[in-house]
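Asks: Got a predicted structure plus its sequence, pasted below:
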Amino acid sequence: MYPRNQLIKFFIICLMLSLVSACDSGAPTPADKPESDDRTFKHSIFSFGTLIEISIYGVDLQTAERAFEQLEMDFRYMHVTWHPWQRSALSRDNKLIATTEWFSDAPSVRPLIEIAKELAVKSDHLFNPAIGKLIYLWGFKNAEHETGIPPAATDIEKLVVLNPRMDDLELREIQMRSNNPAVLIDLGGFAKGYGINRSMETLKTMGINHAVINAGGDLKVIGRHGNRPWRIGIRHPRIADQVLAYVEVEGEESVFTSGDYERYFIYQDKRYHHIIDPRTGYPANGSQSVTVIHADAALADAAATALFVAGPSDWQRVAQSMGIEDVLLVDANGELHMTESMRKKIQLPGNQPSAKNSSIKSTQAD
């Protein structure tokens with residue numbers, strides 16, 4: 001059975017996409033009359049621990065079927081290759097990283113490592129895939145928390161003192177090593193976005209120009225849905241069945257959200273979620289959710305995590321450093337903060353918290 005929180009988010013986004021027919025799974029299904037190419041075909045895949053809904057518009061059934069078959073194979077490959085704990089190319093690399101010796105790393109993982117190193121630096125290491133041991137210690141290696149109890153403070157402190165970072169990885173030709181045995185790579189903070197980028201490029205090579213790939217509510221679009229943009233609903237971080245805001249996107253855009261409501265547990269009336277602040281070793285506080293819009297899904301994915309960790313006091317600096325202009329942050333009190341660029345795109349459905357206009361300097365150049 002799929003985790004309840006993932007399913008809730010998935011069905012909300014299906015509704016907000018405002019496609020012609022209701023969301024469903026299984027074989028590709030036309031959402032309009034069969035004699036027209038103005039149809040939306042949809043198909044569902046379970047990968048990366050979530051339900052992925054692919055919607056393709058404006059092609060014939062045969063093209064859609066070929067695309068769905070290819071993407072299903074691609075997502076399965078990516079899931080088993082980039083898994084940090086189960087047997088995979090990445091888990092092999094992680095075992096060898098712990099030795100601090102040079103080794104030939106997996107070519108299927110190297111591109112992600114290279115991009116992750118760059119994004120970590122740009123985020124001031126608030127996006128930090130090297131803290132896999134902290135994620136494992138907290139029990140967030142699966143969709144559901146294992147114990148419902150926080151780890152011992154002394155165990156957290158030991159890993160924080162060791163300060164694993166992507167900078168600890170050295171790369172040369174086909175080899176890699178770490179000078180810090182505490183490094184364990186968990187690419188969950190942006191592998192989904194990277195995978196969606198790859199899958200969307202595959203669709204383009206097949207002549208598909210209008211599509212949505214929605215991975216549990218994090219998504220990328222290309223083109224338009226007929227004569228209108230794609231309409232996306234952003235989930236309210238505290239009311240499961242309510243939409244916080246809408247955005248309309250077209251061309252090539254990604255919408256990614258990091259929130260404290262997806263994977264969490266309550267212990268002694270306190271919420272502990274899976275987005276760990278690498279500076280403290282504890283779940284980041286100050287934010288309920290952060291939504292980022294950017295053409296690059298991998299960057300949007302990583303930035304949503306980094307800005308969540310940065311919180312309401314520091315997100316502008318980190319967003320500017322990462323080159324992100326469209327940001328919506330909901331702070332711990334439920335108040336909205338956003339860039340001027342995001343303010344122009346977002347639609348609040350009414351009775352929402354007040355929104356603070358916190359523009360990034362780089363968006364004010366003109």
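Replies: Everything's here; your move. Residues are numbered from 1 along each chain as shown.

Asks: The closest residue to residue 92 other than its chain neighbours: how many residues sit nearby?
Replies: Closest residue to residue 92 apart from its sequence neighbours, by C-beta to C-beta, 6 or more residues apart in numbering: residue 106 at 6.5 Å. All C-beta atoms are positioned from the backbone trio N, CA, C, and that covers glycine. Other residues lying near residue 106 total 20 when counted by other C-beta atoms under 10 Å.

Asks: Quick check, pLDDT for residue 359.
Replies: pLDDT for residue 359: 48.

Asks: just residue 350 next, same as before
Replies: The model's pLDDT for residue 350 equals 71.

Asks: helix/strand/coil for it?
Replies: Here residue 350 is recorded as coil under DSSP: H, G, I helix; E, B strand; the rest coil.

Asks: In the helix or strand where residue 192 lies, which residues are buried?
Replies: In this structure, residue 192 is located in helix 191-205 according to DSSP states H and E. Under the neighbour-count criterion of 16 or more other C-beta atoms under 10 Å, helix 191-205 has 191-200, 203 buried.

Asks: swap in stretch 94-104?
Replies: So, applying 16+ other C-beta under 10 Å, buried residues of stretch 94-104: 94, 96-97, 103.

Asks: tell me the mean pLDDT for it?
Replies: 97.

Asks: what's the span of that stretch from first residue to last?
Replies: 12 Å (C-alpha to C-alpha, to the nearest Å).

Asks: which outside residues touch that stretch?
Replies: 84, 93, 105, 132, 169, 172, 174-181, 183-185 (C-beta atoms under 8 Å, 6 or more residues apart in numbering).

Asks: wouldn't the residue nearest to residue 92 be in contact with residue 89 here?
Replies: Yes: using C-beta atoms under 8 Å, residue 106 is in contact with residue 89, at 3.7 Å.

Asks: May I have the phi/psi pair for residue 63?
Replies: With angles defined as degrees, to the nearest 10, residue 63 sits at phi -60, psi -40.

Asks: about what we covered before: of the buried residues of helix 191-205, which is the nearest to residue 65?
Replies: Closest to residue 65 out of the buried residues of helix 191-205 is residue 203 (13.0 Å), distances taken as C-beta to C-beta.

Asks: My guess is the closest one contacts residue 68. True?
Replies: No: Residue 203 lies out of contact with residue 68 (C-beta under 8 Å); the separation is 10.1 Å.

Asks: Pull up the overlap in contacts between the two.
Replies: Common neighbours of residue 203 and residue 68 (C-beta under 8 Å, 6+ apart) are residue 56.

Asks: where along the stretch 101-250 of the chain do the strands fall?
Replies: 103-104, 169-172, 175-178, 211-215, 218-223, 230-235, 243-249 (DSSP state E, counting those that start in this stretch).

Asks: for these, which one sits closest to residue 336?
Replies: The nearest among those, by C-beta to C-beta, is strand 243-249 at 8.2 Å.

Asks: who touches that closest one?
Replies: Against strand 243-249 from outside (C-beta under 8 Å, 6+ apart): 12, 16, 221, 228-237, 255, 289, 293, 328, 330, 345-349, 352.

Asks: Quick check: mean pLDDT of that strand?
Replies: Averaged across strand 243-249, pLDDT comes to 95.

Asks: Quick check: buried residues in the helix or strand immediately after it in the chain?
Replies: Beyond strand 243-249 on the C-terminal side, the first helix or strand identified by DSSP H and E is strand 251-259. For strand 251-259, the neighbour count (16+ other C-beta under 10 Å) marks 252-259 as buried.

Asks: Strand 251-259 vs helix 191-205, what angle?
Replies: Strand 251-259 runs at 160 degrees relative to helix 191-205, counting by axes from the mean of the first three to the mean of the last three C-alpha atoms, to 10 degrees.

Asks: ok so, going back, overlap in contacts, residue 106 and residue 89.
Replies: Common neighbours of residue 106 and residue 89 (C-beta under 8 Å, 6+ apart) are residue 81.

Asks: List buried members of the contacts of strand 243-249 by neighbour count.
Replies: 12, 16, 221, 229-230, 232-237, 255, 289, 293, 328, 330, 345-346.

Asks: Can you verify my assumption that residue 324 contacts residue 290?
Replies: No: under the criterion of C-beta under 8 Å, residue 324 makes no contact with residue 290, lying 10.1 Å away.

Asks: Now do the shared contacts for those two.
Replies: Joint contacts of residue 324 and residue 290 (C-beta under 8 Å, 6+ apart) are residue 307.

Asks: Count the neighbours of the nearest residue to residue 189 once chain neighbours are set aside for me.
Replies: Nearest residue to residue 189 in three dimensions, chain neighbours excluded: residue 305, at 4.7 Å (C-beta to C-beta, 6+ apart). Residue 305: 26 surrounding residues under other C-beta under 10 Å.
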